[in-house]
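Peer 1: Below are the sequence and a predicted model for it; my questions follow.
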Amino acid sequence: MARSLDGLVLAPVADQAPGQVGTRTRFTYHEKDGEIWAEYAGGDVVRGHLVGTRESDRLDFRYVQLKRDGTTSSGHCVSTVTELPDGRVRLAETWEWESQAGAGTSVVEQVTEHAP
């Protein structure tokens, strides 16, 4: 199993559709006893939260977010945790909106320094 996500900051490696999570979004993860949660913000997202579980290298969580235009949205995501050759963590994600139409895949990776 890959190392704990607790205290790690991750960011998407590519922008999603306009108005969604993008490369300027930062996720701060927490983990304890099989539970995972995170806060995220940046880009078009003012505030977001995710909460779920971790079993081995599989995360299963729900997310909710508030966007700059004042709208909210929510969805479900399943991620696979891997470790990159340089020791950073990568999550390969498969997600689906529950509050609106849309689904897809994305990749987030641990950042070693906080971008402005």
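Peer 2: Yep, it's here. Quick caveat, the model's predicted, so the values are computed rather than measured.
Peer 1: How about the residue most central in space within the chain: which residues does it bridge to?
Peer 2: Residue closest to the mean C-alpha point of the chain, counted by Cα atoms, centre = their mean, is F27 at 5.7 Å. F27 forms beta bridges with L10, Y40, as assigned by DSSP bridges.
Peer 1: Which residues does stretch 14-34 contact?
Peer 2: 4-13, 36-45, 48, 50, 53-55, 65, 67, 69, 102, 104, 106-108, 111, 114-115 (Cβ atoms under 8 Å, 6 or more residues apart in numbering). C-beta here means a position set from N, CA and C on the backbone, and glycine is covered the same way.
Peer 1: Please enumerate the strands of this structure.
Peer 2: 9-12, 26-32, 35-42, 45-55, 58-67, 72-83, 89-97, 103-110 (DSSP state E).
Peer 1: what would those strands look like in TSV with mean pLDDT and distance to Q20?
Peer 2: Rendered in TSV, the data for the strands of the chain read as follows (pLDDT from 0 to 100; distance: least, Cβ to Cβ, whole Å):
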stretch	mean pLDDT	distance to Q20
strand 9-12	95	9
strand 26-32	97	13
strand 35-42	97	11
strand 45-55	97	8
strand 58-67	97	8
strand 72-83	96	9
strand 89-97	95	10
strand 103-110	94	9
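Peer 1: Just name the most buried of the ones you listed.
Peer 2: Counting by mean count of other Cβ atoms under 10 Å, strand 9-12 has the highest mean neighbour count of the strands of the chain, with a mean of 20.
Peer 1: if we look at it, which residues are touching it?
Peer 2: 21-29, 42, 89, 91, 106-111, 114-115.
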